[in-house]
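*Asks:* Sharing a model that was predicted from the sequence below.
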Amino acid sequence: RVLFRSYGNLGNCYQSLVDCRKCIEYPRKDLKIAKEIGVRGGEGRANGNLGSSYQSLGDSQKSIEYHEKHLKIAKEIGDRGGEGRANGNLGIAYRSQRDYRKSIEYQEKCQEIAIEIGDRGREGKAYGNLCSSYQALGDFKKAIDCCEKLVKIALEIGDRRGEGGAYGNLGDAYESLGDHQKAIEYHNKLLKIATEIGHRAGEGISYRDIGTLILFSSF
């Protein structure tokens, strides 16, 4: 069990380093060993890791295939946490295919399970993903509601990055509603957090968005 978990973790590391070949190779080895020794939970996790790897490579269809396998196994063995993760990952994959309704459906299942098992971090991520899908559908009021819930959870569990991402999404939503002042306020909150945690990319995006909003507000 230690061995196939190690392969799975190596796969996640290579995924972070964008080594495309290895981020698929190691979860495949993980999956092979899990099947050989009959560990269904490990098999489910390996399928989930492969799904995430393919998603990072931009192959959302292959990602869906593996996350569905993870979901099936999680249901079979009663792994509610794994079931929640698989639903959340399927929601992300469908959102990348611009199937926002289906994405919302899976994220709501993820959220429901997260609440049931008391996983506040997963619940917050579900709200963040729901916010993005509602925004893409032009339902900015629902997007704002989901982002505000994410902010509450992020503050509660000390998730600074999640809090910053929610402020950025709130800024985008208020900009879409034409409330530029409120949008600037939230983008400034994101900028403050990005600066504090050393997230240079988030800092740069914040400066760009605030500058654009100030420019348009001056007309």
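*Replies:* Done, it's in.
*Asks:* show me what contacts the closest residue to residue 35 other than its chain neighbours?
*Replies:* Distance criterion C-beta to C-beta, 6 or more residues apart in numbering; nearest residue to residue 35, sequence neighbours excluded, is residue 43 at 5.7 Å. C-beta here means a position set from N, CA and C on the backbone, and glycine is covered the same way. Residue 43 makes contact with 31, 34, 35, 73 under the criterion C-beta atoms under 8 Å, 6 or more residues apart in numbering.
*Asks:* Just the buried residues of these.
*Replies:* The neighbour-count criterion (16 or more other C-beta atoms under 10 Å) marks 31, 34, 73 among the contacts of residue 43 as buried.
*Asks:* Would you convert these into TSV that also reports secondary structure?
*Replies:* Shown next, in TSV, are those (DSSP: H, G, I helix; E, B strand; the rest coil):
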residue	secondary structure
31	helix
34	helix
73	helix
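*Asks:* Could you export the residues you listed to CSV, including columns for pLDDT and distance to residue 143?
*Replies:* CSV is the format used below for the buried ones among the contacts of residue 43 (pLDDT from 0 to 100; distance: C-beta to C-beta, whole Å):
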residue, pLDDT, distance to residue 143
31, 88, 36
34, 90, 38
73, 98, 33
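*Asks:* In terms of distance to residue 173, which of those residues ranks first?
*Replies:* Proximity of the buried ones among the contacts of residue 43 to residue 173 (C-beta to C-beta) peaks at residue 73, which lies at 36.6 Å.
*Asks:* Is residue 138 part of a helix or strand, or is it coil?
*Replies:* coil.
*Asks:* about what we covered before: of the contacts of residue 43, closest to residue 81?
*Replies:* Taking C-beta to C-beta as the measure, residue 73 is the one of the contacts of residue 43 closest to residue 81, at 12.6 Å.
*Asks:* now the closest one, nearest residue through space, not along the chain?
*Replies:* Spatially, and ignoring its direct neighbours in sequence, residue 73 is nearest to residue 44 (3.6 Å; C-beta to C-beta, 6+ apart).
*Asks:* Helices of the chain, residue ranges please.
*Replies:* In the chain, helices defined by DSSP state H lie at 2-16, 20-37, 40-56, 60-77, 80-96, 100-117, 120-136, 140-157, 160-176, 180-197, 200-217, listed in chain order.
*Asks:* Format the contacts of residue 43 as CSV; extra columns: distance to residue 170.
*Replies:* What follows is the contacts of residue 43, written out as CSV (distance: C-beta to C-beta, whole Å):
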residue, distance to residue 170
31, 39
34, 41
35, 44
73, 37
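*Asks:* Let me know how buried the closest residue in space to residue 84 that isn't next to it in sequence is, in neighbour terms.
*Replies:* Here the nearest residue to residue 84 in space, its sequence neighbours aside, is residue 113; by C-beta to C-beta, 6+ apart that works out to 3.6 Å. For residue 113, the neighbour count with other C-beta atoms under 10 Å is 23.
*Asks:* And residue 113, how close does it get to residue 55?
*Replies:* Distance from residue 113 to residue 55, counting by C-beta to C-beta, to the nearest Å: 20 Å.
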